[in-house]
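[1] output the structure for:
(one chain, ligands or ions: 2)
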Amino acid sequence: MAVQTEKTNSFLNYINGEWVASHSNEVITNRNPANTDDVVGQVQKSSKEDLNQAVVSAKAAKKDWKNLSGAERGQYLYKAADILESRVEEVAECMTREMGKTFPEAKGETSRGVAILRYYAGEGMRKVGDVIPSTDSSALMYTTRTPLGVVGVITPWNFPVAIPIWKTAPALIYGNTVVLKPASEAAVTCGKVVECFQEAGFPAGVINMITGQGSVIGQGIAEHPDVNGITFTGSNTVGKNIGQIALARGAKYQLEMGGKNPVIVASDADLDLAVEATISGGLRSTGQKCTATSRVIVESDVYETFKEKLVAKVKEIAVGDGLQDGVWMGPSVSKSQLDTVLSYIEKGKEEGKLLCGGEKLSGEAYDKGYFVAPTVFENITTEATIAQEEIFGPVLALMKVNSLEEAIELANDVEYGLSASIFTTNIQKMLSFIGDMDAGLVRINAESAGVELQAPFGGMKQSSSHSREQGEAAKEFFTSIKTVFVK
Ligand SMILES: NC(=O)C1=CN([C@@H]2O[C@H](COP(=O)(O)OP(=O)(O)OC[C@H]3O[C@@H](n4cnc5c(N)ncnc54)[C@H](O)[C@@H]3O)[C@@H](O)[C@H]2O)C=CC1
Ligand SMILES: CCCCCC(=O)O
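    Ligands and ions are numbered 1, 2, ... in the order given. Got it, this is the predicted structure:
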C-alpha cells in the first residue's frame, strides 16, 4: 500500500559526528517532481569552508579508523545495515517523493543498500594479500593493502541509496574515511542514509556528508589536497573534469559515467520476453539509469512483429505519482531533465518516425509534475543524435538490421560501452555477442539494467575510467597494494 506523508525533512551537514548548519546560512529546497506542491525537505547549500571542515575531520579520523581490524570496522557496517533495514519504508517513500522513482522500485533499491552494507561488512574478515615466494630462500615476501586515506564520494540522483552505499561501504571497510557529496536532487534521501551510519555509532569524522552545488562542493572535493581518492558517478562532462583535476594533483580517481545501451533482438528470440525486457530495461525509473536500454536493434525477420508487440505494451504503461498503487513509471527528476528529454524527442521527430508517446503529459494528474509519455521511434540511423547521445529519459530508438554481425557492429557504434543485452536462443549468436560486444556488462535474454552487488560493475570506452565497482573489485580502487619483503 502506498505510504502517504506530509513529512518535511530538513538536514544539516554531517561533520565530525555532528549535524551542523552551513556557514552560508543558505538551503536548497527539494520538491516532489510528481507534485511540486509537496516540499520534500531542505539541505544545506554549503560553502567550501564547510567542505574544508569535513575534510579536516575525515583526515583527523583516518589513523584510528585504519588501525581497527577489518572485523571491527565490519561491525559498524552490520549495525548500519540493520538500522537502514528498519527504515526501508520511510527511506523509500522519501526517495519516491524526492526523485520520482516508484515506491516498489525505491523499496527494492533501499533493500539493495542493506545487502551491500552487509556484503562489505563481511569483507572485513577476508584476505587482503598473498604470500609470494622470494628468490631469496631466507626471505619472506607478501602483499598487503593500505587504505587511500580520505575518500571523496560524489554521487548522482538516480540511485540515491544504492550508489552512495556501494561507494561508501567499501571505502570504509578497507580503512578509508569518507566525505560524501550527494546530488542535490536526492540529498534528503541521502541524509536519511547517513542518519543510519550515525545511529550505528561510527566514530566522529569517519563519515561526513556535505550537501550543495556540484560546481562548489563537488569541484572542491576534486581539488582538495587532503582528499586522497575520489569516486564519482554521473555525467561524462562532470566526470572528465574531476578526472583531470585529480590527475593533475596525483589523487586516485574512479569515474562511472554515461551509457547508450543496446538490446539486440535476434530472429530466433522469444519476442514476448524481449518486449518485456526492452520495456523494463528502457523505461523503468523513467529511463533514468545509466544501464537503461535506449537503442533497440532488431533483425528484419521479426522486426514488424516485435515492433507491434512493443508499441502495444508501451501504450499500456501507467504513468503517474510513484507513491500511487498501480503506477509503473513516475516523472522525470526535474524540470531541466524533462526539458532535456523533450528536446531529444523533438530531435527524434526530425530524425525518424514517432510510433508512440513523444510529448509532455498534461491533465489534472500531471500538471503539477514533470511527466513525459514513454516514447518509441523507428527508422533511426546510427548517425542520429538520439542514437548517439545519452537522453536519460523514457525514449527508445528502433533500428532494423539484416544479420547479427550488422547488429553487433551497430551496437558498438557509440562512444559508450556500459551495458548491452541480446535475446536469442542460438548459442553461436550468444557467444558472438559475448565476445564482440564492447561493454562492461553483457546480459543474455535479460534486460540491459540489473547490476548485482557481488559482481564487478563498470563501463568500457567513454562510460568509465576503466576501474570497476562493487563485489571484490571495489578493493582495487579503495586500497593500494603494498609488497613487503622481510629478510
Ligand atoms: N555510469 C554509471 O554508473 C552512472 C552514470 N550516470 C550518469 O549521470 C548522469 C545523470 O546524473 P547526474 O546526477 O545529473 O550527473 P551530474 O554529472 O550532473 O552530477 C553527478 C554528481 O556530480 C556533482 N557535480 C556536478 N558538477 C560538478 C563539478 N563541476 N565537479 C564535481 N562534482 C560535480 C553533482 O552535484 C552530483 O553529485 C547521466 O549522464 C547518467 O548516465 C548516472 C548514474 C550511474
Ligand atoms: C549507476 C548505475 C546503476 C545501475 C543499476 C542497475 O542497472 O541495476
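[2] okay, strands next: where are they in the stretch 1-150 of the chain?
    9-10, 13-15, 18-20, 27-32, 35-44, 140-147, 150-154 (DSSP state E, counting those that start in this stretch).
[3] tell me the contacts of residue 233?
    By Cβ atoms under 8 Å, 6 or more residues apart in numbering, the contact list for residue 233 reads 154-156, 163, 167, 255-257, 290. C-beta coordinates here come from the backbone N, C-alpha and C atoms, glycine included.
[4] returning to that earlier point: now mean pLDDT and distance to ligand 2 too, for the strands of the stretch 1-150 of the chain, in TSV please.
    Formatted as TSV, the strands of the stretch 1-150 of the chain follow (pLDDT from 0 to 100; distance: least, Cβ to the nearest ligand atom, whole Å):
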stretch	mean pLDDT	distance to ligand 2
strand 9-10	94	24
strand 13-15	98	23
strand 18-20	97	28
strand 27-32	98	20
strand 35-44	97	21
strand 140-147	98	24
strand 150-154	99	13
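[5] would you mind finding the most buried of those strands?
    Ranked by mean neighbour count, the strands of the stretch 1-150 of the chain are led by strand 150-154 with a mean of 29 (mean count of other Cβ atoms under 10 Å).
[6] pairing partners for it, with directions?
    strand 177-181 (parallel), strand 229-233 (parallel) (DSSP bridges).
[7] in this structure, where is pLDDT below threshold?
    1-8 (pLDDT under 70).
[8] what's the closest non-adjacent residue to the residue at the greatest distance from the centre of it?
    Computed with Cα atoms, centre = their mean, the maximum C-alpha offset from the centroid of the chain is found at residue 138, amounting to 48.9 Å. Nearest residue to residue 138, sequence neighbours excluded (Cβ to Cβ, 6 or more residues apart in numbering): residue 487, at 6.8 Å.
[9] show me what from the stretch 251-400 of the chain comes close to ligand 2.
    289-291 (Cβ under 6 Å from any ligand atom).
[10] which of those residues tops the neighbour count?
    Counting neighbours by other Cβ atoms under 10 Å, residue 290 leads these with 27 neighbours.
[11] does it touch residue 256 like I think?
    Yes: between residue 290 and residue 256 there is a contact under Cβ atoms under 8 Å: 7.2 Å.
[12] on that earlier part again, looking at the strands paired with strand 150-154, spot the one closest to ligand 1.
    For ligand 1, the closest of the strands paired with strand 150-154 is strand 229-233, at 4.5 Å, according to Cβ to the nearest ligand atom.
[13] could you confirm residue 225 falls within a strand?
    No: Residue 225 sits outside any strand when classified using DSSP: H, G, I helix; E, B strand; the rest coil, being coil.
[14] check contacts around it.
    Neighbours of residue 225 in contact, by Cβ under 8 Å, 6+ apart: residue 249.
[15] can you report phi and psi for it?
    Dihedral pair for residue 225: phi -60, psi -20, per degrees, to the nearest 10.
[16] roughly how far apart are it and residue 427?
    Counting by Cβ to Cβ, to the nearest Å, the gap from residue 225 to residue 427 is 54 Å.
[17] can you check residue 55 too?
    As judged by Cβ to Cβ, residue 55 and residue 427 stand 53 Å apart.
[18] next one: residue 434
    Using Cβ to Cβ, one gets 10 Å for the distance from residue 434 to residue 427.
[19] one more: residue 179?
    For residue 179, the distance to residue 427 - Cβ to Cβ - is 48 Å.
[20] of these two, who's got more company?
    residue 179 (28 against 8).
[21] isn't the more buried one right up against residue 226?
    No: with contact defined as Cβ under 8 Å, residue 179 does not reach residue 226; the gap is 9.5 Å.
[22] related to what we said a few turns ago, can I get the strands of the stretch 1-150 of the chain in CSV with distance to residue 249?
    What follows is these, written out as CSV (distance: least, Cβ to Cβ, whole Å):
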stretch, distance to residue 249
strand 9-10, 35
strand 13-15, 23
strand 18-20, 27
strand 27-32, 28
strand 35-44, 26
strand 140-147, 19
strand 150-154, 12
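[23] the ones you listed: which one's closest to residue 70?
    strand 140-147 (10.1 Å; Cβ to Cβ).
[24] what does the protein put close to ligand 1?
    Close to ligand 1, as judged by Cβ under 6 Å from any ligand atom, the chain has residues 154-158, 181-183, 214-215, 218-219, 222, 233-235, 238, 241-242, 256-259, 290, 390, 392, 418, 459, 463.
[25] change it to 5 Å
    154, 156-157, 183, 214-215, 218-219, 233-235, 238, 256-258, 290 (Cβ under 5 Å from any ligand atom).
[26] between those, which sits nearest residue 86?
    Nearest to residue 86 out of the residues of the chain next to ligand 1 is residue 157 (Cβ to Cβ; 24.5 Å).
[27] wait, isn't that closest one in contact with residue 186?
    Yes: using Cβ under 8 Å, residue 157 is in contact with residue 186, at 4.0 Å.
[28] those two - which one has more neighbours?
    Comparing residue 157 with residue 186 by other Cβ under 10 Å, the one with more neighbours is residue 186, at 28 against 25.
[29] to residue 249, which of the strands paired with strand 150-154 lies closest?
    Nearest to residue 249, of the strands paired with strand 150-154 and by Cβ to Cβ, is strand 229-233 at 10.3 Å.
[30] ok, what's across the strand from residue 42?
    Bridge pairing for residue 42 - DSSP bridges - gives residue 10, residue 29.
[31] surely it meets residue 11?
    Yes: with contact taken as Cβ under 8 Å, residue 42 and residue 11 are classed as touching, separated by 7.3 Å.
[32] shared neighbours, those two?
    Between them, residue 42 and residue 11 share these contacting residues under Cβ under 8 Å, 6+ apart: residue 188.
[33] for the closest residue in space to residue 288 that isn't next to it in sequence, what are its contacts?
    Among residues not flanking residue 288 along the chain, residue 158 sits closest, at 4.7 Å (Cβ to Cβ, 6+ apart). Contact analysis of residue 158 by Cβ under 8 Å, 6+ apart lists 99, 101, 186, 285, 288-290, 333, 392.
[34] correct me, but residue 163 touches residue 157?
    No: here residue 163 does not reach residue 157: they are 9.3 Å apart, not a contact under Cβ under 8 Å.
[35] next up, phi/psi of residue 421, please.
    phi -140, psi 160.
[36] give the burial count for it, as a bare number.
    29.
[37] quick one: it and residue 281 touch, right?
    Yes: at 6.8 Å, residue 421 and residue 281 qualify as touching, with contact defined as Cβ under 8 Å.
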